[in-house]
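> Can you look at this prediction? I've put the sequence above it.
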Amino acid sequence: MFILPIYTILTFRKIKLKYNRHYPCTLSSQYNMDPWYERTGPSKADIQNSMQKSHIYICLHQESNITEENKFLCQIASNALSKEREKLNAYNYTQIRYERIREYPNWEKIAQQILKEEVISHKPYGSWRGFSTFVIGPLREKFIVRLIREIWAVQVIQTKFVPMWLAHNYCPTGEGYKRVSEHYSSLQLTR
């Protein structure tokens, strides 16, 4: 068997493949010797499975959570929301709890819908390496932010602030009632 020196093989390849001066042909690209995680990328189902195996998603679907898990959720929420709005840096999200999210009716259906929408909005995913480096972090943060805004915040507004607002504005001894009665009286006097 006759063996050619490597220089002869590389020179022959340059002539045969019409050597491109911007992207020289290498042995790696011809024989596709790149790692599998750089050649292939995740599908939508792969990304949903990856998110469903994440710590946040698992903690969200547990029956109860320990204090450290809730503190971790508060820390992630604080970091994610402070990136969106700089003025929120001083606010500490210590009241966010997995239990409060699970108290909301149909929270599982809403969480699944949020996950599907975020997976679609983060296309293209790139390779597995690119996905794990650049896509999964922002995807998790956006998922958490939307969970907080669409489930937890709505729950807090409905259970805490709406009753206080109603009592303040519509209670017969409340400020809102006094304002409305004064306004009504002033309208009656002008007629």
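Yep, it's here.
> And the residue nearest to the spatial centre of the chain, how far from residue 183?
Geometric centre of the chain, nearest residue: residue 142, 2.1 Å, by C-alpha atoms, centre = their mean. In this view, residue 142 and residue 183 are 44 Å apart by C-beta to C-beta, to the nearest Å. Just so you know, the C-beta spots here come from the backbone N, C-alpha and C atoms, and that holds for glycine as well.
> Tell me how many other residues crowd residue 54.
Residue 54 is flanked by 15 other residues according to other C-beta atoms under 10 Å.
> If you could redo that for residue 157, that was the one I meant.
Neighbours of residue 157 under the rule other C-beta under 10 Å: 11.
> Check it and give its pLDDT.
Per-residue confidence (pLDDT) for residue 157: 88.
> do you know how far it is from residue 151?
Applying C-beta to C-beta, the value for residue 157 to residue 151 is 11 Å.
> and if you look at residue 122?
Look at residue 122 and residue 151: by C-beta to C-beta, they are 20 Å apart.
> Between the two, which has more neighbouring residues?
Shown here are residue 122 and residue 151; by other C-beta under 10 Å, residue 151 has more neighbours (22 against 17).
> There's contact between residue 145 and residue 77 in this structure, I believe.
Yes: at 7.4 Å, residue 145 counts as touching residue 77 under the criterion of C-beta atoms under 8 Å.
> Where does residue 65 sit: helix, strand or coil?
coil (DSSP: H, G, I helix; E, B strand; the rest coil).
> Tell me who's in contact with it.
Shown in contact with residue 65 (C-beta atoms under 8 Å, 6 or more residues apart in numbering): 59, 97-99.
> out of those residues, who has the most neighbours?
Counting by other C-beta under 10 Å, top hit in the contacts of residue 65: residue 98 with 20 neighbours.
> tell me the contacts of it?
Contacts for residue 98 (C-beta under 8 Å, 6+ apart) come out as 59-60, 62, 65, 69-70, 73.
> Now, those residues that are in helices?
59-60, 69-70, 73 (DSSP state H).
> Need the max-distance pair from the residues you listed.
Comparing all pairs in the ones in helices among the contacts of residue 98 by C-beta to C-beta, the longest separation belongs to 60 and 70, at 11.3 Å.
> So which of the contacts of residue 65 is the closest to residue 136?
residue 59 (16.8 Å).
> picking up where we left off before, among the contacts of residue 98, name the buried ones.
Among these, those scoring as buried are 59-60, 65, 69-70, 73 (criterion: 16 or more other C-beta atoms under 10 Å).
> Helices of this structure, start to end?
6-16, 27-30, 36-39, 44-52, 55-60, 67-84, 98-103, 107-121, 128-130, 136-147, 153-156, 162-170, 175-190.
> just the ones you listed: most buried one?
Among those, the stretch with the highest mean neighbour count (mean count of other C-beta atoms under 10 Å) is helix 136-147, at a mean of 19.
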